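[1] quick check, what structure comes out for this input:
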Amino acid sequence: MTMGLQDYRTTGPQDHYPRVPWSGRLVVLWLLLVLCLPASAALYTFNPNAAIPDHNPTGLTDSHTISGLGFQIADVRVTLNISGGYNGDLYGYLRLNSSPLVVLLNRVGVTGTDPDGYASSGFSITLAANAAHDIHFYQNFSPSYNGSGQLTGTWQVDGRTDPLSSSRGSLSTFDGYNPNGTWTLFFADQNVGDQSTLVSWSLDIEAVPEPVVVALFIFGVLFALSRLICWRRRKAAVQ
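    You can find the predicted model right below:
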């Protein structure tokens with residue numbers, strides 16, 4: 001006897017492969033939304049308003065502990081507000097816990113023919129990995145800058161452990177680290193004359209979910225769905 005279309009629809013594959021219920025579909029939709037969520041950002045601003053000791057290697061250290069983020073770093077931007085002093089004297093770095101040092105400034109303007117560097121006074125800047133130019137030679141890229149007052153704009157970090165070196169680090173060094181912990185900013189004035197003041201600084205941290213957490217979440221959802229489908233199949237077989 002030939003099976004009709006209606007008979008096939010009622011006794012065909014649908015009986016053996018039941019549809020995933022709406023609850024399961026909502027879980028899958030939730031998972032997709034979680035995976036597609038944009039990175040979150042957190043801004044922390046600190047106001048030490050403290051002098052950087054002139055010609056003193058001990059320098060100024062400003063440390064702050066961040067907790068509760070639970071994310072993995074995708075990007076870090078740093079703003080600096082430094083007043084007074086002689087920019088070419090300053091060396092500064094940023095560190096997270098025991099991470100490698102990221103050199104923010106290292107005697108800007110110093111070259112083999114200019115041991116003193118730039119005579120500008122102060123910074124009101126943002127440092128970012130995706131900025132167009134290296135701050136060590138900022139006067140080459142700011143033709144309208146008159147060499148006095150605070151430098152402004154967005155720049156790449158100096159990144160040099162030696163002001164005469166061409167080898168450089170970047171703020172992208174922090175990518176992949178857990179942002180929770182102690183962030184330490186250090187500045188020292190390495191030449192005599194003129195004193196700078198660290199008025200304020202900030203961290204703008206962009207973070208994404210950690211891959212391990214996402215993987216565990218996916219595994220849990222898929223396991224729950226598989227158990228739900230098996231239960232529906234057993235229920236259909238009993239009926």
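[2] for stretch 56-74, give me every contacting residue.
    39-40, 42, 44, 46, 48, 50-53, 91, 174-190, 198, 201, 203, 205-211 (C-beta atoms under 8 Å, 6 or more residues apart in numbering). For the C-beta atoms, the positions are set from N, CA and C on the backbone; glycine is no exception.
[3] ok, now stretch 115-127?
    Residues contacting stretch 115-127 (C-beta under 8 Å, 6+ apart): 77-89, 104-105, 107-110, 135, 138-139, 145, 147-157, 163, 171, 191, 194, 196.
[4] ok, 7 Å please
    With C-beta atoms under 7 Å, 6 or more residues apart in numbering as the test, stretch 115-127 has contacts from 77-88, 104, 107-110, 139, 147-155, 157, 171.
[5] report the buried residues of it.
    Judged by neighbour count (16 or more other C-beta atoms under 10 Å), stretch 115-127 contains these buried residues: 117, 118, 120, 121, 122, 123, 124, 125, 126, 127.
[6] and what of stretch 59-66?
    59, 60, 62, 66.
[7] among these, which lie within helices?
    In helices, defined here by DSSP state H, there are no members of the buried residues of stretch 59-66.
[8] of all these, which comes closest to residue 234?
    residue 66 (49.6 Å; C-beta to C-beta).
[9] quick check: mean pLDDT of stretch 78-86?
    For stretch 78-86, mean pLDDT rounds to 97.
[10] which residues touch that stretch?
    Counting by C-beta under 7 Å, 6+ apart, 94, 104, 119, 121-127, 150, 171, 189, 193-203 sit against stretch 78-86.
[11] first to last residue in stretch 57-77, what's the distance?
    Across stretch 57-77, the terminal residues are separated by 26 Å (C-alpha to C-alpha, to the nearest Å).
[12] again but with stretch 159-179, I slipped
    Stretch 159-179 has its terminal residues 20 Å apart, counting by C-alpha to C-alpha.
[13] can you pull the buried residues of that stretch?
    In stretch 159-179, residues buried by neighbour count (16+ other C-beta under 10 Å) are 159, 160, 163, 169, 170, 171, 172, 173, 174, 179.
[14] kindly report the same for stretch 186-198.
    186, 187, 188, 189, 190, 191, 194, 195, 196, 197, 198.
[15] check those and tell me the two furthest apart.
    Comparing all pairs in the buried residues of stretch 186-198 by C-beta to C-beta, the longest separation belongs to 186 and 194, at 19.1 Å.
[16] any idea of the pLDDT on the closest residue to residue 178 other than its chain neighbours?
    Spatial nearest neighbour of residue 178, chain neighbours left out: residue 72 (6.3 Å); criterion: C-beta to C-beta, 6 or more residues apart in numbering. Per-residue pLDDT puts residue 72 at 91.
[17] count of residues packed around residue 72?
    Other residues near residue 72 come to 18 when the count uses other C-beta atoms under 10 Å.
[18] so what pairs up with residue 154 in the strands?
    Using DSSP bridges, the bridge partners assigned to residue 154 are residue 126.
[19] for residue 173, which three-state class applies?
    For residue 173, the assignment made with DSSP: H, G, I helix; E, B strand; the rest coil gives helix.
[20] and the closest residue to it other than its chain neighbours, bridged to which residues?
    Nearest residue to residue 173, sequence neighbours excluded (C-beta to C-beta, 6+ apart): residue 102, at 5.2 Å. Beta bridges link residue 102 to residue 94 when assigned by DSSP bridges.
[21] separation between residue 102 and residue 96?
    Residue 102 sits 9 Å away from residue 96, going by C-beta to C-beta, to the nearest Å.
[22] who touches stretch 138-157?
    83, 102-104, 108-109, 118-129, 131, 133-135, 170-171.
[23] mind listing the strands for this structure?
    40-46, 50-52, 56-66, 72-84, 90-96, 102-106, 123-127, 151-155, 181-189, 196-208 (DSSP state E).
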